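Student: Generate a structure from the sequence data that follows.
(2 chains)
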2 protein chains.
Amino acid sequence: MTPTNSVAEVLERARALTTPPMRDAVERLAPGIRDVVSYHLGWTDADGNPAAVKGGKGIRAALPVLSAEATWADAEVGAVGGVAVELVHNFSLIHDDLMDGDMERRHRPTVWALWGPAVALIAGDALSTLATEVLLGSANPAGPAAARVLGEATAEMIAGQALDLAFEKRQSVSVEECMAMSTAKTGALLGCAASIGAVLAGAPTTTVHALRDYGRHLGVAFQAVDDLLGIWGDPATTGKPAGNDIRQRKKSMPIVAALAAGDDEANELRALLFEQSPERAKPKAHGLGVGVPNWAPPPAKALTAEEVARATWLVEACGGREWTAARAKAHLDAGLGSLERARLSAVPRRELADLAVYAVERES
Amino acid sequence: MTPTNSVAEVLERARALTTPPMRDAVERLAPGIRDVVSYHLGWTDADGNPAAVKGGKGIRAALPVLSAEATWADAEVGAVGGVAVELVHNFSLIHDDLMDGDMERRHRPTVWALWGPAVALIAGDALSTLATEVLLGSANPAGPAAARVLGEATAEMIAGQALDLAFEKRQSVSVEECMAMSTAKTGALLGCAASIGAVLAGAPTTTVHALRDYGRHLGVAFQAVDDLLGIWGDPATTGKPAGNDIRQRKKSMPIVAALAAGDDEANELRALLFEQSPERAKPKAHGLGVGVPNWAPPPAKALTAEEVARATWLVEACGGREWTAARAKAHLDAGLGSLERARLSAVPRRELADLAVYAVERES
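Tutor: Purely as a prediction, here's the structure:
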């Protein structure tokens, strides 16, 4: 059996393959936008001086490379897909930080916090358009098919963000709704990342779909882990304050699952997190915000440290932590199963499996 | 000679051809986003009840239809291009209203004013993605080529918006910079609209480029007229307050041209409009907005009615009105010249020319 590369080697190799075309793509942006994007990607500091800030884990750039290799194509064939998926991912990060009012990402000020909301809006718009241009401008005759797959995934991701936003204004969200939102918001783009290399390689539809299913399951598992880290993660490794999602009253998987327990502790949790901010519960969506040219969400009384600790305990007591960890495991297994059933080249298949395990076992 | 249809008939026919596929496209959006977009397009009221609000003039939907016919294809061939261009245009309107803090468009509250900034952000993102999906999903084998042309135009439009935003923070903008910004912000998408039908029809590159040049010139002329109406337009027909662009201190063509006169009156105009808001002149772009989660631009003292009247008079006295009208005329003529030189079917060629004259002679 050929030994697989370690996950670190796989990520590093994909990064080496995708960084030059990623830089070429960003070069095509207008200067003012390019500077902002270079900062966001960790290539420069806020003054435009070169920097080498640790960026994301690079899973979204690695999946397309492995997905091309898994269907017996050269890694290079998948690289353009990695660039396109990374561009869409970063468009969504820049717009998400703006929507959520998040001032920091990876220990640095976010784009909107540095340059203002309008610049963040434009930078995200530019990356969204650039992603499609990269695929349509590639010499690969499957470029348009890949652009279509990416467009569908992007549309689903945006629909997921819309659901997430709608949930914020609602008093209750079911576990099923929460999972559907996570599938759309995170699963769609990872499903695309895991299959776009195969599309670019001209692989058969059944193989493309199996890889997509692997990626979608991986995405949901990934989101479940994110949601766990959002409450129990170590601030030193996540870069976010402890109990961040509790403070922000996010309707994340552990919290929604805990609320669904329906017992006294669940009711206490609901009262603590969602019954102190009546302005969020107005029945008419468009009653919100009229005449208020203000980006920030309606103010909610900040939770005290004691309330955060109590809510964290309640989520665990109601089974929210256990349930979410079980979901992560189940979706990881389903993704690995989909990978096993597909007709794929052995080494990249195992590297895809290892990457999934790594993504779910991570601690930041 | 076959008589051409009147401009009203041309617009109406294009509207009839593009509205059903436009509705089909909007149907593909997630429900929450679809409702917002339907409202923005004037199809429904804010509560989702059917409405028939007068939308835009429909020039961007008509140009692709005529551009297909001008290259001897059926009007239907261009319709999908009309839908895609309209989707991009409306994405830019929704995001522009948000960036500019505009509360009304066509006498109705804007999307962000009704539903808040995050919803407007998401709705615009969804339309941007949908535009490409419509072209890549069409049965026309030239769909990918059309998507590429649209992507390039969208990227240029976004770069123009970035320039526009950067100009707001600067004390002075040259006439050349102002024209380059207008070419990017308005010319690029109209150049695409005027040529995408020919791309979909598989027309030769020289013809596509001639139509694109016609559209780009038309776009600049259109923007010049918009800038004139922004100061001297009749509020009853434009739907904007009198002297709107003076009040908003926009660096529009008439104002930039007037400032370039360099005489005492130009200096008085500069002092009146741009030296009363020192917070806009901070040298470091990223010094703005840090820690201020507020969408609205930095406050500037509102101009009194007398100041608006005086500034309006100064812009005209410095030749800004005359210069801008001359630019509109020159770009209209250049566009018509480009149309004349191309190898095109006679009737749609004349309809394209009539449409350009109409777009430049409009009063709202």
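Student: got any ranges where the stretch 151-300 of chain A has weak pLDDT?
Tutor: A:276-299 (pLDDT under 70).
Student: ok, 50 please
Tutor: Counting by pLDDT under 50, the stretch 151-300 of chain A has low-confidence residues at A:278-296.
Student: which residues in it form strands?
Tutor: Ranges of strands in the stretch 151-300 of chain A, per DSSP state E, counting those that start in this stretch: none exist.
Student: for it, what spans make up the helices?
Tutor: For the stretch 151-300 of chain A, applying DSSP state H, counting those that start in this stretch gives helices covering A:175-182, A:188-200, A:205-232, A:235-238, A:244-247, A:253-259, A:264-274.
Student: I'd like to know which of those helices lies nearest to chain B.
Tutor: Closest to chain B of the helices of the stretch 151-300 of chain A, according to Cβ to the nearest Cβ: helix A:175-182, at 10.8 Å. Every residue, glycine included, has its C-beta placed from N, CA and C.
Student: That closest one to helix A:205-232, inter-axis angle?
Tutor: Interaxial angle, helix A:175-182 versus helix A:205-232 (axes from the mean of the first three to the mean of the last three Cα atoms, to 10 degrees): 110 degrees.
Student: and A:L189, what is it in contact with?
Tutor: Shown in contact with A:L189 (Cβ atoms under 8 Å, 6 or more residues apart in numbering or on different chains): A:60, A:85, A:88-89, A:92, A:153-154, A:157, A:219.
Student: Can you tell me what sits against the strand or helix carrying A:A16?
Tutor: In the assignment (DSSP states H and E), A:A16 maps to helix A:7-27. Helix A:7-27 is contacted by residues A:4-5, A:34, A:37-38, A:41, A:43, A:57-59, A:61-62, A:65-66, A:75-76, A:79-80, A:82-83, A:86-87, A:130, A:133-134, A:351, A:354-355, A:358 when judged by Cβ under 8 Å, 6+ apart.
Student: Dump the very next helix or strand once past it to CSV, keeping only the CA atoms.
Tutor: Counting by DSSP H and E, the next helix or strand C-terminal to helix A:7-27 is helix A:31-40. Only the C-alpha atoms of helix A:31-40 are listed here, as CSV (Å, rounded to 0.1, in the frame of the first residue of the first chain):
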residue,chain,number,x,y,z
PRO,A,31,-6.0,48.5,-6.5
GLY,A,32,-8.2,49.8,-3.7
ILE,A,33,-10.0,46.4,-3.5
ARG,A,34,-6.9,44.4,-3.9
ASP,A,35,-5.2,46.0,-0.9
VAL,A,36,-8.2,45.2,1.3
VAL,A,37,-8.4,41.6,0.1
SER,A,38,-4.6,41.1,0.6
TYR,A,39,-5.0,42.3,4.2
HIS,A,40,-8.0,40.0,4.7
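Student: now check helix A:31-40, is it near chain B?
Tutor: Yes - Helix A:31-40 is in contact with chain B by Cβ under 8 Å from any Cβ of the partner chain, via A:32-33.
Student: So for that helix, mean pLDDT?
Tutor: In this model, helix A:31-40 has a mean pLDDT of 96.
Student: Summarise which helices and strands the next helix-or-strand element following it is packed against.
Tutor: Per DSSP H and E, the first helix or strand lying C-terminal to helix A:31-40 is helix A:59-70. In terms of contacts (3 or more Cβ pairs under 8 Å, 6 or more residues apart in numbering or on different chains; DSSP states H and E), helix A:59-70 is packed against helix A:7-27, helix A:75-100, helix A:188-200, helix A:205-232, helix A:346-361.
Student: Please identify the most buried of those.
Tutor: Mean neighbour counts were compared across the helices and strands packed on helix A:59-70 using mean count of other Cβ atoms under 10 Å in any protein chain shown; the top stretch is helix A:188-200, at a mean of 30.
Student: sorry, back to before: make TSV out of the contacts of A:L189 and add distance to A:D125.
Tutor: Formatted as TSV, the contacts of A:L189 follow (distance: Cβ to Cβ, whole Å):
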residue	distance to A:D125
A:R60	20
A:V85	17
A:V88	12
A:H89	15
A:S92	12
A:A153	18
A:T154	12
A:M157	15
A:G219	24
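Student: Which of the residues you listed sits closest to chain B?
Tutor: Closest to chain B out of the contacts of A:L189 is A:T154 (4.8 Å), distances taken as Cβ to the nearest Cβ.
Student: So which of the helices of the stretch 151-300 of chain A is nearest A:A126?
Tutor: helix A:188-200 (18.1 Å; Cβ to Cβ).
Student: got the CA positions of the closest one in PDB?
Tutor: Taking C-alpha atoms only, helix A:188-200 is exported to PDB below (Å, rounded to 0.1, in the frame of the first residue of the first chain):
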ATOM      1  CA  ALA A 188     -23.000  23.400   0.300                       C
ATOM      2  CA  LEU A 189     -19.600  25.000  -0.200                       C
ATOM      3  CA  LEU A 190     -17.700  22.100   1.200                       C
ATOM      4  CA  GLY A 191     -19.700  19.700  -1.100                       C
ATOM      5  CA  CYS A 192     -18.700  21.900  -4.000                       C
ATOM      6  CA  ALA A 193     -15.000  22.000  -2.800                       C
ATOM      7  CA  ALA A 194     -15.000  18.200  -2.600                       C
ATOM      8  CA  SER A 195     -16.400  17.600  -6.000                       C
ATOM      9  CA  ILE A 196     -15.300  20.600  -8.200                       C
ATOM     10  CA  GLY A 197     -11.900  18.900  -8.800                       C
ATOM     11  CA  ALA A 198     -13.700  15.900 -10.200                       C
ATOM     12  CA  VAL A 199     -15.900  18.200 -12.400                       C
ATOM     13  CA  LEU A 200     -12.800  19.900 -13.700                       C
END
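Student: Run the chain-centre distance for that helix.
Tutor: With Cα atoms, centre = their mean, to the nearest Å as the basis, helix A:188-200 stands 14 Å off its chain's centre.
Student: okay, now A:W43: neighbour count?
Tutor: Using other Cβ atoms under 10 Å in any protein chain shown, A:W43 is surrounded by 19 other residues.
Student: got the phi/psi numbers for it?
Tutor: When read as degrees, to the nearest 10, the backbone of A:W43 gives phi -80, psi -30.
Student: This completes my enquiry, with thanks.
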